[in-house]
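1. what follows is a predicted structure for the sequence shown.
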Amino acid sequence: MDILSRNLSFCTRILKFYARICIIIEDEGGDHMRIAICGATGYSGIEAIRLLAPRTDVTIVGISSETQAGLMLEEAVPGFRGFAVGRLRLLPLRAAVTEAEIVILALPHGEAQHVAPELLAQGKSVIDLSGDHRLPRDAYESWYKAEVASDAHADAIYGLTEWNRAAIANASLVANPGCYATCAELALLPLLERDVAESSQILIDAKSGVSGAGKKPTAVTHYVEADENFFAYKLGRHQHTPEIEMTLREARRRQTGLDKPVNVLLATHLLPIKRGILCTAYIKLKEEMSGEALHEIVSARYEGEPFVDVLPYGVSPQLKWVSGTNRVSIGVYLDPRTQTAVVLSALDNLIKGAAGQAIQNLNVMTGANEQEGLWFVPAV
Ligand SMILES: NC(=O)C1=CN([C@@H]2O[C@H](COP(=O)(O)OP(=O)(O)OC[C@H]3O[C@@H](n4cnc5c(N)ncnc54)[C@H](OP(=O)(O)O)[C@@H]3O)[C@@H](O)[C@H]2O)C=CC1
Ligand SMILES: CC(=O)N[C@@H](CCC(=O)OP(=O)(O)O)C(=O)O
């Protein structure tokens, strides 16, 4: 080989090496969203990691746990064994968020409100899965039986994506809706927005799988109590009642200018299954209409919505059709004798009811494709 070829070969190797370094730098930072997940060992935190880990536009820069800080994720949650993300170390919350530009808070009620103001002051965006920022002070204190610790809730944007997309796009603090609330609101929004239904007495019969109660078993949710059992709980005092009433009231006000209270009776039940919520809402119509006309109102409202599936008239949704997905499946029926609309909705409480909707909101906030990382069909 002459001296020219040797020099050329050397230069080529240098250039290739430089190109590889550039790719590595790009992969490790570049345009990636830097996300921290707090409450990473809880059910919705785990789900958020599961959904975000495969994404090439996201880097998970921190994960937190209260009691298991110091362990690797795969030690605390063995399902992550063998995956790169499983080698992330769980840290105390403040250490976990240092590098993040966006923080997903999957913490118990009452904790997020102590952390969010500090994160916002550091210029980070926050998506809070808990109920801490969804309600005004009085409603929160009376329904959650807890004190409000900051005024951050006043600036929070309610994260029901299909209803509040424009505001979410500019938000720095998103209050992700409750799981029952998401399910009931998406079922009822079209009727309230069109003001075709009586709003003084909406009955919502809702059932949830046990993961809705979080990871820590209680006397009601542990296996022996929940398995092969079925019962109502928190009758007349479920914390999602004011959330649903406020959202539906505001939805109607935005569309029609009519500002009148909406009254909801929410009956929640515990299903002996792991995940899924089925809501059946009964609402009297103001004027006579056909089932087809009612169905058209609901279908038209969700036309083009990637995560809302309005079933053909009279077909009822099933949990199996949404489990493991970010979808809400909606069924419509009109009882002609009583002019009562029956709107059924089904979702996966940990995905569309929690982590999936949080990521849908993250996509909206960051200008990513809204469906990124969220498009899958249920496992059989
Ligand atoms: N489960 C669901 O279907 C839904 C839940 N939500 C809401 O999302 C939030 C999380 O719910 P879920 O995942 O079910 O909860 P889990 O109880 O399963 O998990 C809670 C997580 O928070 C951590 N944690 C507990 N206490 C503290 C604390 N004092 N400070 C910091 N971290 C703490 C736990 O860490 P560790 O135990 O490792 O110490 C764990 O990682 C809740 O507010 C819930 O209401 C909203 C919609 C649906
Ligand atoms: C089965 C079960 O217990 N579910 C929980 C709902 C949790 C949730 O989604 O809502 P929050 O974020 O408002 O807690 C409950 O009924 O309180």
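-> That came through fine. Ligands and ions are numbered 1, 2, ... in the order given.
2. residues in the stretch 1-150 of the chain within reach of ligand 2, list them.
-> Neighbours of ligand 2 within the stretch 1-150 of the chain, by CB under 6 Å from any ligand atom: 130-131. (C-beta placed from N, C-alpha, C; glycine too.)
3. domain assignment for this structure?
-> 31-155, 180-349 (automatic domain parsing).
4. can you give me the strands in the stretch 251-380 of the chain?
-> 264-270, 277-284, 308-310, 328-335, 340-347 (DSSP state E, counting those that start in this stretch).
5. for ligand 2, which of those is the nearest?
-> strand 264-270 (5.3 Å; CB to the nearest ligand atom).
6. make a markdown table out of the domains of the chain and add distance to Asn361.
-> Listed next are those as a markdown table, based on distance: least, CB to CB, whole Å:
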| stretch | distance to Asn361 |
| --- | --- |
| domain 31-155 | 6 |
| domain 180-349 | 11 |
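7. which one of these lies nearest to ligand 1?
-> Taking these one by one with CB to the nearest ligand atom, domain 31-155 is closest: 1.9 Å.
8. gap between the two ends of that closest one?
-> End-to-end distance of domain 31-155: 27 Å, with CA to CA, to the nearest Å as the criterion.
9. what of stretch 105-119?
-> Per CA to CA, stretch 105-119 runs 11 Å from first to last residue.
10. can you list the residues that contact that stretch?
-> 37-40, 42, 44-45, 48, 93, 97, 103, 126-133, 144, 146, 148-150, 152-153, 173, 214, 354-355 (CB atoms under 8 Å, 6 or more residues apart in numbering).
11. please identify the most buried of the strands of the stretch 251-380 of the chain.
-> strand 340-347 (a mean of 25; mean count of other CB atoms under 10 Å).
12. that one packs against which elements?
-> If you count contacts as 3 or more CB pairs under 8 Å, 6 or more residues apart in numbering; DSSP states H and E, strand 340-347 packs onto helix 179-193, strand 277-284, strand 328-335.
13. for ligand 2, see how far away Arg337 is.
-> 33 Å (CB to the nearest ligand atom, to the nearest Å).
14. could you give the number of residues near that residue?
-> 5 (other CB atoms under 10 Å).
15. same check on Pro312?
-> 9.
16. how close does it sit to Glu193?
-> Distance, Pro312 to Glu193, using CB to CB, to the nearest Å: 22 Å.
17. swap in Val126?
-> Between Val126 and Glu193 the computed distance is 28 Å (CB to CB).
18. in terms of neighbours, single out the busier of those two.
-> Between Val126 and Glu193, Val126 has the larger neighbour count (other CB under 10 Å), namely 26 against 18.
19. may I ask which helix or strand encompasses the more buried one?
-> Assigned by DSSP states H and E, Val126 falls within strand 125-128.
20. mind listing what that strand pairs with, with the direction of each?
-> Strand 125-128 has its sheet partners listed here by DSSP bridges as strand 102-105 (parallel), strand 173-175 (parallel).
21. for it, what is the distance to the chain centroid?
-> How far strand 125-128 lies from its chain's middle: 12 Å, per CA atoms, centre = their mean, to the nearest Å.
22. quick check: end-to-end length of stretch 172-180?
-> End-to-end for stretch 172-180, by CA to CA: 24 Å.
23. that older thread, only whichever of the contacts of stretch 105-119 are buried, select them in ChimeraX.
-> Listed next is the ChimeraX selection for buried residues among these, using 16 or more other CB atoms under 10 Å:
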select :37,38,39,40,42,44,45,48,93,97,103,126,127,128,129,130,131,132,133,144,148,149,152,153,173,214,354,355
